[in-house]
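>>> Here's my sequence, what's the structure:
(chains A and B)
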Amino acid sequence: SQTIHQWPATLVQPVGSPLSLECTVEGTSNPNLYWYRQAAGRGLQLLFYSVGIGQISSEVPQNLSASRPQDRQFILSSKKLLLSDSGFYLCAWSVLGQNEKLFFGSGTQLSVL
Amino acid sequence: DQQVKQNSPSLSVQEGRISILNCDYTNSMFDYFLWYKKYPAEGPTFLISISSIKDKNEDGRFTVFLNKSAKHLSLHIVPSQPGDSAVYFCAASARGSNYKLTFGKGTLLTVNP
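Here you go, the predicted model:
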């Protein structure tokens, strides 16, 4: 069966510090991978998605970047965090032909202070 | 621009009664709709979905109704149980958009024993 791992679960970072969140998927090949963010009082906002290694699409301009160095690994990064980057970050995957159905990781609660 | 709207931030229901969660959308290109359930500090889990070619889909205690002319869908939970207490997200996708999901802000359902 497929599983998705996302870490860390919680993170407190000072403004201006770098960020690296990692997500890995097991049990499937060539998944579509996604990074979502839930900010306070808002819905789930799609940040990035990837259909393959090295292929990254950005949905909104922001202070973040994403990379996919391996088929089942998706990384969210920032060189300098802003206060507005605080939120609940979720990694998700889907399979070709069932792209509507996303499977989410357990999330990372990021607090930028 | 909120394309998927859940206008009720919260809903409280007695155990055994019906819970009705509502969702409205504005994008007429949306053709697939999903409901996700989310517990605190966890990622959302898929609950039920419906294609625009249908107006009803049922899965056990959960039924989703779609009214395309009104651009409205609802999730019915009968009978409601305390374990149903969670945040429920409505999501939609459009064919040709790489099946990216657009989420509403969520509705917190509390089922009281």
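
>>> Tell me where the model's unsure across the chain.
Using chain A. Scanning chain A for pLDDT under 70 picks out the ranges A:96-100.

>>> The chain in question should be chain B.
Ranges of chain B meeting pLDDT under 70: B:1, B:96-99.

>>> what residues does it put near chain A?
B:2, B:4, B:6, B:32, B:34, B:36, B:41-46, B:49, B:89, B:91, B:93, B:98-106 (C-beta under 8 Å from any C-beta of the partner chain). Bear in mind the C-beta positions are built from the backbone N, C-alpha and C, glycine included.

>>> just the strands in chain B please.
Taking DSSP state E, the strands of chain B run over residues B:4-5, B:10-14, B:19-25, B:30-38, B:45-51, B:56-59, B:62-67, B:72-77, B:86-94, B:102-103, B:107-112.

>>> TSV for the ones you listed, including mean neighbour count?
Listed next are these as TSV, based on neighbours: other C-beta atoms under 10 Å in any protein chain shown:
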stretch	mean neighbour count
strand B:4-5	20
strand B:10-14	14
strand B:19-25	21
strand B:30-38	22
strand B:45-51	16
strand B:56-59	12
strand B:62-67	18
strand B:72-77	19
strand B:86-94	23
strand B:102-103	22
strand B:107-112	17
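
>>> Figure out which of these is closest to residue A:31.
strand B:45-51 (15.1 Å; C-beta to C-beta).

>>> Please identify the pairing partners of that closest one and their relative orientation?
strand B:30-38 (antiparallel) (DSSP bridges).

>>> okay, the angle between the strand it pairs with and strand B:107-112?
Going by axes from the mean of the first three to the mean of the last three C-alpha atoms, to 10 degrees, strand B:30-38 is angled at 40 degrees with respect to strand B:107-112.

>>> Show me the contact partners of strand B:30-38.
Contacts to strand B:30-38, defined as C-beta atoms under 8 Å, 6 or more residues apart in numbering or on different chains, come from residues A:100-101, A:104, B:3, B:21, B:23, B:25, B:44-52, B:62, B:64, B:66, B:73, B:75, B:86-95, B:99, B:101-103, B:106.

>>> hmm, try it at 7 Å
A:100, B:44-52, B:64, B:66, B:73, B:75, B:86-95, B:101 (C-beta atoms under 7 Å, 6 or more residues apart in numbering or on different chains).

>>> Tell me how many other residues crowd residue B:83.
9 (other C-beta atoms under 10 Å in any protein chain shown).

>>> Likewise for residue A:111?
12.

>>> And for residue A:82?
Applying other C-beta under 10 Å, I find that residue A:82 has 13 neighbouring residues.

>>> Leaving out sequence neighbours, find the closest residue to it.
residue A:63 (5.4 Å; C-beta to C-beta, 6 or more residues apart in numbering or on different chains).

>>> How about the contacts made by the one you found?
Counting by C-beta under 7 Å, 6+ apart, residue A:63 has contacts A:78, A:82, A:85.

>>> again, but for residue A:77
Contacts of residue A:77 (C-beta under 7 Å, 6+ apart): A:19-20, A:64-65, A:67.

>>> Tell me how far it lies from chain B.
20 Å (C-beta to the nearest C-beta, to the nearest Å).
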